[in-house]
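Q: show me the folded form of this:
(4 chains)
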There are 2 protein chains.
Amino acid sequence: MFSKSCEYAIKAMIFVAQKSDNETRIGVKEIAKGTDAPEHFIAKIMQDLSRRKLIHSVKGPNGGFYMDKQDLMSSIADVVRAIDGDKIYSDCVLGLKACSEKNPCPVHHEYKEVKKNLIKMIEKNTIGEFKEKLDSGKYFLKNN
Amino acid sequence: MFSKSCEYAIKAMIFVAQKSDNETRIGVKEIAKGTDAPEHFIAKIMQDLSRRKLIHSVKGPNGGFYMDKQDLMSSIADVVRAIDGDKIYSDCVLGLKACSEKNPCPVHHEYKEVKKNLIKMIEKNTIGEFKEKLDSGKYFLKNN
DNA sequence: AATAGAGATGTTTTCAAAATCCTGTGAATA
DNA sequence: TATTCACAGGATTTTGAAAACATCTCTATT
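A: Down below sits the predicted model:
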């Protein structure tokens, strides 16, 4: 569905949202631990997210990543687009390059409905909302 | 979404369904051409499908693959399970191994609905139905 | 100005999926 | 019964994403 990078990106966004409440910055090491991601790998992803303006970063001592009110309003879809591009929106389930509305593969129209659902779900939910879910204690990000 | 192998498998099933009308057997080469797949690779996939009883095969001269009435009733889901296992049914969108109904990740419940849709779609449609779509001339399998 | 913490960036290594290769086995036909 | 056609299936190579590594740059603090 999403690439590994993208999975990490989503997890990291939610993690930072949850931890960076009072202007606190979160370092790469902590993010890596909190999301069960390899440190160097997540570092790269954080840089991507920062470059794409989905998250703020501060260099130097006491630096790290944090999210402001605006950042919290990013949707999962924003993160997916930043990392995976719009593959999700355009790709054919059977991997056919020529598949389109005008030249549909046999499953095209069936899949369109599924895709519509998927997109609605990732567009609708904001990172801030997921942060609140985590805060409630009923949801988890850890791998074990 | 699906693995490359699985994409080929679905295409191959639909292709053979369409071509093997009158007890005609379809050879690996023809399947490879018809689905834009590497010959040796699709050969292996066909063997998997045959072993899983989703398709019939005949060795020797004038041999090849074909589908009977029963085979035409296989769903896309049957093919997916044969090749990719039940990853689609069980995997977490965020790749969390521990994610479950009791220990949900923040997007678990949202995604569940999308997944339900996807599964309904691949369970509902049979290979035979896709064959008919192709026969109508309004749908295509080719890559260009 | 020096230092040290922390992100940014580029390169290399690792590993699993994908693709290829090669040999084996069964069936049909002459 | 010998030969050839075509699937079966193991072994091997290739490829590309993921992970690890090393280096550079920036900024706060003293």
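Q: and the pLDDT at the spatially closest residue to A:Phe140 that is not a sequence neighbour?
A: Distances taken as C-beta to C-beta, 6 or more residues apart in numbering or on different chains place B:Asn103 nearest to A:Phe140, at 5.7 Å, with adjacent residues excluded. Quick note: C-beta positions are derived from backbone N, CA and C, even for glycine. As summarised for this prediction, B:Asn103 has a pLDDT of 91.
Q: how many residues are close by B:Asn103?
A: B:Asn103 is flanked by 14 other residues according to other C-beta atoms under 10 Å in any protein chain shown.
Q: show me where chain A has its helices.
A: Residue ranges of the helices in chain A, as given by DSSP state H, are A:4-19, A:28-35, A:39-51, A:69-72, A:76-84, A:87-90, A:108-124, A:127-135.
Q: kindly reformat these as CSV containing mean neighbour count and mean pLDDT.
A: As requested, those are exported to CSV (neighbours: other C-beta atoms under 10 Å in any protein chain shown; pLDDT from 0 to 100):
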stretch, mean neighbour count, mean pLDDT
helix A:4-19, 24, 92
helix A:28-35, 19, 90
helix A:39-51, 17, 91
helix A:69-72, 14, 90
helix A:76-84, 21, 93
helix A:87-90, 13, 88
helix A:108-124, 17, 92
helix A:127-135, 19, 91
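Q: would you mind putting those helices into CSV with distance to B:Thr35 alongside?
A: Formatted as CSV, the helices of chain A follow (distance: least, C-beta to C-beta, whole Å):
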stretch, distance to B:Thr35
helix A:4-19, 28
helix A:28-35, 39
helix A:39-51, 35
helix A:69-72, 45
helix A:76-84, 26
helix A:87-90, 21
helix A:108-124, 16
helix A:127-135, 40
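Q: next, give phi and psi for A:Lys59.
A: A:Lys59 adopts backbone torsions of phi -90, psi 170, taken as degrees, to the nearest 10.
Q: for A:Val28, see how far away it is.
A: Plainly put, A:Lys59 is 12 Å away from A:Val28 if you go by C-beta to C-beta, to the nearest Å.
Q: could you dump the helices of chain A to TSV with distance to DNA strand C?
A: Supplementary listing: those in TSV, determined by distance: least, C-beta to the nearest atom of the strand, whole Å:
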stretch	distance to DNA strand C
helix A:4-19	10
helix A:28-35	4
helix A:39-51	4
helix A:69-72	14
helix A:76-84	13
helix A:87-90	15
helix A:108-124	18
helix A:127-135	18
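Q: for B:Leu134, find the nearest of these.
A: Set against B:Leu134 and scored by C-beta to C-beta, these come closest in helix A:108-124, at 11.9 Å.
Q: near chain B, which residues of chain A? Just list them.
A: Residues of chain A that fall close to chain B, judged by C-beta under 8 Å from any C-beta of the partner chain: A:1-2, A:4, A:7, A:10-11, A:14, A:76, A:93-99, A:103-108, A:110-111, A:113-114, A:117-118, A:121, A:125, A:130, A:133-134, A:138-144.
Q: run through those residues and flag the ones next to DNA strand D.
A: A:Lys4 (C-beta under 7 Å from any atom of the strand).
Q: which non-adjacent residue is nearest A:Lys19?
A: What sits nearest to A:Lys19 in space, not counting adjacent residues and going by C-beta to C-beta, 6+ apart, is A:Ile26, at 5.1 Å.
Q: what about the residue in chain A that DNA strand D sits nearest to, distance to A:Lys44?
A: Taking C-beta to the nearest atom of the strand as the measure, chain A has A:Pro38 as its residue closest to DNA strand D, at 2.5 Å. Going from A:Pro38 to A:Lys44 by C-beta to C-beta gives 10 Å.
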